[in-house]
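*Asks:* 3D, please:
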Amino acid sequence: MSNDLKNKVELELKQLQNLVDINAEIFSRLPQKGPDKIEKIALGALLHSFYNGIENIFRCVASEFNEELPRGPHWHQQLLNSMACSTKKRKAVVSGPLKNSLKENLAFRHAFRSIYAVEIEWSKMEPLAKSMPAIFKELKKELKLFFG
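*Replies:* Predicted structure coming up:
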């Protein structure tokens, strides 16, 4: 694997860490009753960016190994699925359990892009926002294994 890939992934991980930190800051300020509209929109944008950053890593890996990026309406799901599988040129980037967690983030990202931000339901977003630190920790662990 090239140093270029490692450098790109490290940069993405730093950006993702920033999002995790901001997520924690927002949660520390939330009132007992939950977020207001502005806080929900902010957390929704954070979750959206969080998945985009992870997807950037996946695209860098695919590019490094000369894998054709999926196309069509389900390319995001196909890319995620491909990262959980080994190929002739590389081992799996993420485990099945992490892939399943990321599926939920991908589904939220899709919904966030498709609805008005004020329509976000806190009950659906809260578990994702709360799990962001754990998902990030697992992603870093699995990327470390991937890079060996």
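*Asks:* If you average pLDDT per helix and strand, which one of this protein comes out bottom?
*Replies:* One helix or strand of the chain scores below all others by mean pLDDT, DSSP states H and E: helix 96-114, with a mean of 92.
*Asks:* Does anything pack onto it? Which helices or strands?
*Replies:* helix 37-64, helix 75-83, helix 122-147 (3 or more Cβ pairs under 8 Å, 6 or more residues apart in numbering; DSSP states H and E). In this view, the C-beta of every residue, glycine as well, is placed from N, C-alpha and C.
*Asks:* which intervals of this structure have sub-threshold pLDDT?
*Replies:* 117-118 (pLDDT under 70).
*Asks:* Contacts only, for the spatially most central residue of the chain.
*Replies:* Closest to where the C-alpha atoms of the chain average out (Cα atoms, centre = their mean) is residue 51, at 2.7 Å. Counting by Cβ atoms under 8 Å, 6 or more residues apart in numbering, residue 51 makes contact with 102, 105, 106, 108, 109.
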